[in-house]
Structure formats: structure tokens, C-alpha cells
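Novice: For reference, the sequence and a predicted model appear below.
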Amino acid sequence: MASCADVHVRICGQEIIKYDLEIKALIQDIRDCPGPQSALMELNSQVKEKFSRLRLRIQDLDQMAKEQDRETDRLAIQAETESQRRQMMSNQTAWRKSNLACKLAIDNMEKDELLRGGETQSIRQRKVTKESLVETSSNITESLMSISRMMAEQVKQSEDSIATLATSSRTVEETNEEFKSMTGTIHLGRKLILKYNRRELTDKLLIFLAVALFLATVLYILKKRLFPFI
């Protein structure tokens with residue numbers, strides 16, 4: 001039975017796919033948009049909103065990857081996250097190209113209107129179109145820069161995590177070496193204690209023999225002095 005975390009990951013992935021498909025559909029609408037300029041601006045507004053939601057869900061998926069207990073699950077979710085980031089970048093590029101193509105089509109349409117006699121109005125509309133094109137291109141560039149900064153931050157976080165793991169590994173190795181050294185010292189101390197215990201027993205035995213020999217000598221001397229005839 002799937003865990004709660006697995007369900008959240010699956011739901012997040014489904015939402016990412018949904019936003020991706022919606023963005024692709026809006027990009028196609030922009031590519032086919034015949035005008036006017038207000039319609040194109042409305043489509044771009046919707047695309048920006050979808051990209052914002054998609055970016056947040058990708059960040060959520062990346063966070064879920066970091067919270068996984070199993071290494072295989074974490075790597076799989078991180079791979080999916082990177083794939084979705086690349087797909088988002090591809091959609092950003094397609095969005096920009098579609099805007100440029102649509103702007104060019106509207107510009108050509110305005111030229112035709114100018115040739116048909118609407119010179120003054122067409123010039124005004126053309127000016128607005130160019131200004132909108134510059135603004136839209138600037139907004140898209142800003143979005144791409146924001147995504148690049150976000151990816152740079154993710155890379156920096158990954159580097160910090162790797163550095164932390166390396167430091168922890170070195171600490172564990174140093175602790176293990178200290179433990180081995182302490183174990184050797186304890187083993188040597190135990191040998192010395194056993195050696196001293198054996199020597200103490202030998203010394204006691206020698207002292208006992210010396211005392212016994214002394215007493216025997218004293219008794220022998222007393223015997224010779226007191227009972228010489230025996």
C-alpha cells in the first residue's frame with residue numbers, strides 16, 4: 001500500500017504534468033493568435049500564471065526528494081525534478097519564439113492595413129505593437145533569468161549537502177581511529193596488570209620461602225644451643 005509521502009509525490013507530479021500541458025496549449029494559442037494585441041496580452045498573462053504555479057510545484061517536488069528515507073527514491077524524484085526543469089526551460093523558449101512569430105504576424109497585418117489606407121491608425125498600432133514586443137521579450141528574459149538563478153541556488157544547496165556529508169564521513173573515520181587507539185591502549189594495560197599480578201604472586205611466594213628459611217635457621221640455631229646433645 002502506498003505511503004502518504006508517495007501519494008503526495010504522485011499528486012505533485014500529476015499537477016506538474018497538467019500545468020505543462022496547459023502551458024503547451026497556451027503557447028500554441030499564441031502561435032495561432034491572429035490578434036488583436038489585447039488578445040495576445042491576455043494569453044501571455046495566462047502563460048505567466050501557469051509558469052509561476054509550475055515553478056512552485058517543481059520546488060515542492062525537489063523538497064519531497066530531499067525528505068525521502070530511501071536513496072533510490074530520492075535519486076528517482078531528483079531525476080524527475082531535473083527533467084521537469086528542463087521541460088520548463090524548453091517551454092520558456094517555445095513561448096518566446098511563439099510571441100515573436102505572433103508579433104511578426106501582427107506587424108505584417110498592420111503593414112497590409114497601412115497599404116489599404118489606414119496609414120495614421122496603422123502607424124499608431126505598429127508603435128504599440130513594437131513597444132509590447134519589447135515589453136514581452138523583456139518579461140520573458142526576466143523569467144528565464146529567474147529560472148537560471150533558481151537552478152544556481154539548487155546547485156549550491158546540493159554542493160553544501162555533499163560538503164556536509166564529506167565532513168561527517170571524516171568525523172566518523174577519525175572517531176573510529178581514536179576508538180581503535182583506545183582499544184589498543186586498554187589491551188596493553190590489561191597485559192601489564194596481568195603481568196604485575198603474576199609478579200606480585202611470585203614475590204609473595206619468595207618472601208614466604210625466605211621467612212620459612214629464616215625460621216628454620218633460627219630453630220636450628222636454638223636447637224644446637226639449647227639441646228646440643230640431641
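Specialist: Thanks, I have it.
Novice: just the helices in the chain please.
Specialist: For the chain, the helices defined by DSSP state H cover 4-32, 37-66, 71-115, 119-226.
Novice: what angle do the first one and helix 37-66 make?
Specialist: Here helix 4-32 runs at an angle of 160 degrees relative to helix 37-66 (axes from the mean of the first three to the mean of the last three C-alpha atoms, to 10 degrees).
Novice: who are the neighbours of helix 4-32, in terms of helices and strands?
Specialist: Judged by 3 or more C-beta pairs under 8 Å, 6 or more residues apart in numbering; DSSP states H and E, the packing partners of helix 4-32 are helix 37-66, helix 71-115. C-beta coordinates here come from the backbone N, C-alpha and C atoms, glycine included.
Novice: what about it, average pLDDT?
Specialist: On average, the pLDDT along helix 4-32 is 87.
Novice: ditto for stretch 195-208
Specialist: 81.
Novice: Then stretch 95-104?
Specialist: Per-residue scores along stretch 95-104 average to 87.
Novice: Next, the buried residues of that stretch.
Specialist: Going by neighbour count (16 or more other C-beta atoms under 10 Å), the buried part of stretch 95-104 is 95-96, 98-99, 102-103.
Novice: sorry, back to before: could I get the helices and strands packed on helix 4-32 as TSV with distance to residue 185?
Specialist: Below are the helices and strands packed on helix 4-32 laid out as TSV (distance: least, C-beta to C-beta, whole Å):
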stretch	distance to residue 185
helix 37-66	42
helix 71-115	37
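Novice: Go through the ones you listed and name the closest to residue 24.
Specialist: Evaluated over the helices and strands packed on helix 4-32, closeness to residue 24 peaks at helix 71-115, with 6.7 Å, by C-beta to C-beta.
Novice: Mind giving me the packing neighbours of that closest one?
Specialist: Short answer (3+ C-beta pairs under 8 Å, 6+ apart): helix 71-115 packs on helix 4-32, helix 37-66, helix 119-226.
Novice: measure residue 29 to residue 40 for me?
Specialist: Distance, residue 29 to residue 40, using C-beta to C-beta, to the nearest Å: 9 Å.
Novice: So which of the two has more stuff around it?
Specialist: residue 40 (24 against 17; other C-beta atoms under 10 Å).
Novice: Confirm for me that that one is in contact with residue 31.
Specialist: No. Using C-beta atoms under 8 Å, residue 40 is not in contact with residue 31; the gap is 10.6 Å.
Novice: Mean pLDDT lowest where, among the helices of the chain?
Specialist: helix 119-226 (a mean of 76).
Novice: Can you get me a residue count around residue 13?
Specialist: Residue 13 has 17 nearby residues by other C-beta under 10 Å.
Novice: got it, and residue 47?
Specialist: 24.
Novice: do residue 22 as well
Specialist: 16.
Novice: same check, this time on residue 136
Specialist: 20.
Novice: which residues does it contact?
Specialist: Residues near residue 136 by C-beta atoms under 8 Å, 6 or more residues apart in numbering: 44, 99, 103.
Novice: any idea how far the second one lies from residue 217?
Specialist: What it means is residue 99. 121 Å.
Novice: pLDDT at residue 1, what is it?
Specialist: 36.
Novice: Any chance of a markdown table for the contacts of residue 136, columns distance to residue 223?
Specialist: Output for those, formatted as a markdown table (distance: C-beta to C-beta, whole Å):
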| residue | distance to residue 223 |
| --- | --- |
| 44 | 129 |
| 99 | 130 |
| 103 | 136 |
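Novice: who wins for proximity to residue 207 among the helices and strands packed on helix 4-32?
Specialist: Nearest to residue 207, of those and by C-beta to C-beta, is helix 71-115 at 67.5 Å.
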